[in-house]
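Peer 1: For reference, the sequence and a predicted model appear below.
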Amino acid sequence: MKLFNIPTDKTKNWLPKDGIVNYHGLVFSSRLADDYLNILLQTIEWKNDEAFIFGKKIITKRKVAWYGDRPYQYSYSNTTKQALPWTPELLNLKKKVEKETGEAFNSCLLNLYHTGEEGMAWHSDDETDLKEKAAIGSLTFGAERKFAFKHKKTGEKVELTLEHGGLLVMKGVTQKYWLHRLPPTKRILTPRVNLTFRAMINSHI
């Protein structure tokens, strides 16, 4: 396991072309990351995610929550969510991610994966509600999980491990040219909470 005081090259671009993905490594100590995991599990208004695929309503085991500066509407998988007001802990985490990245965020989509058997299929965060080319800061608390990227045209793949208390940043044209996913695994039996800080367009308010 990587120690907290071993630096990670956060300027390294993990993608070979057509986008920028930086992994900042651990931005929280193990103890503080544990505290945030417990708080988020207990205080976030988690709900099973819904999607309409070929006209059929799908309810996921994975749970989600949507928070923001304002009651932004966010539509994906043919469903629309309205952002809840920030909790104190989420505001603190937003400020931390903004300080680490130099970016500005106004919302956060959270995902709760109860075990490794819950994952996310290939997709891009390219919905029209999001500002084009805006950075997405992704925090992980809980189980370490592999994360994968696949180029939409060439099929090239990149994989990395997202650690407990680690920060991943996707920016530039990444969403235009790359898909990403969280592969499922039966080897992990503990939960993972993922926070994706985003920049929304104000047109829906």
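Peer 2: Received it, and whenever you're ready, just let me know what you need.
Peer 1: Nearest residue to W14 in space, please, no chain neighbours.
Peer 2: V21 (4.4 Å; Cβ to Cβ, 6 or more residues apart in numbering). Yep, even glycine has a C-beta here, placed from its N, CA and C like the rest.
Peer 1: Report the helix or strand with the lowest average pLDDT across the protein.
Peer 2: Evaluated with mean pLDDT, DSSP states H and E, the helix-and-strand set of the chain has its lowest mean pLDDT in strand 47-53, which scores a mean of 75.
Peer 1: Can you give me the buried ones in the helix or strand that that strand is followed by?
Peer 2: From strand 47-53 onward toward the C-terminus, using DSSP states H and E, the following helix or strand is strand 56-68. Residues of strand 56-68 classed as buried under the neighbour-count rule (16 or more other Cβ atoms under 10 Å) are 62-68.
Peer 1: Do you have the strands of the protein handy? List them.
Peer 2: If you assign secondary structure with DSSP state E, the strands in the chain sit at 20-26, 47-53, 56-68, 73-76, 79-82, 84-85, 107-113, 120-123, 136-142, 145-151, 157-162, 166-171, 178-182, 192-198.
Peer 1: Let me know which of these is tucked in deepest.
Peer 2: With neighbours taken as mean count of other Cβ atoms under 10 Å, those reach their highest mean count in strand 136-142, at a mean of 25.
Peer 1: Now do the contacts for the residue minimising distance to the centre of the chain.
Peer 2: Within the chain, one residue has its C-alpha closest to the average C-alpha position: by Cα atoms, centre = their mean, that is T196, at 3.3 Å. Going by Cβ atoms under 8 Å, 6 or more residues apart in numbering, T196 touches 108-111, 125, 136-139.
Peer 1: Identify the bridge partners of it.
Peer 2: The partner list for T196 in beta bridges (DSSP bridges) reads L109, S138.
Peer 1: Next, count neighbours for S29.
Peer 2: As a burial measure, the neighbour count of S29 was computed by other Cβ atoms under 10 Å and equals 12.
Peer 1: Likewise for the one 4 residues further on?
Peer 2: Using other Cβ under 10 Å as the criterion, A33 is surrounded by 21 other residues.
Peer 1: Got the confidence number for the spatially closest residue to it that is not a sequence neighbour?
Peer 2: By the measure of Cβ to Cβ, 6+ apart, the closest residue to A33 outside its immediate chain neighbours is G165, 3.3 Å from it. According to the per-residue confidence, G165 scores 98 in pLDDT.
Peer 1: on that earlier part again, could you dump the contacts of T196 to a markdown table with distance to G172 and pLDDT?
Peer 2: Rendered in a markdown table, the data for these read as follows (distance: Cβ to Cβ, whole Å; pLDDT from 0 to 100):
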| residue | distance to G172 | pLDDT |
| --- | --- | --- |
| C108 | 20 | 97 |
| L109 | 20 | 96 |
| L110 | 24 | 97 |
| N111 | 23 | 97 |
| D125 | 13 | 90 |
| I136 | 11 | 97 |
| G137 | 14 | 98 |
| S138 | 15 | 98 |
| L139 | 20 | 98 |
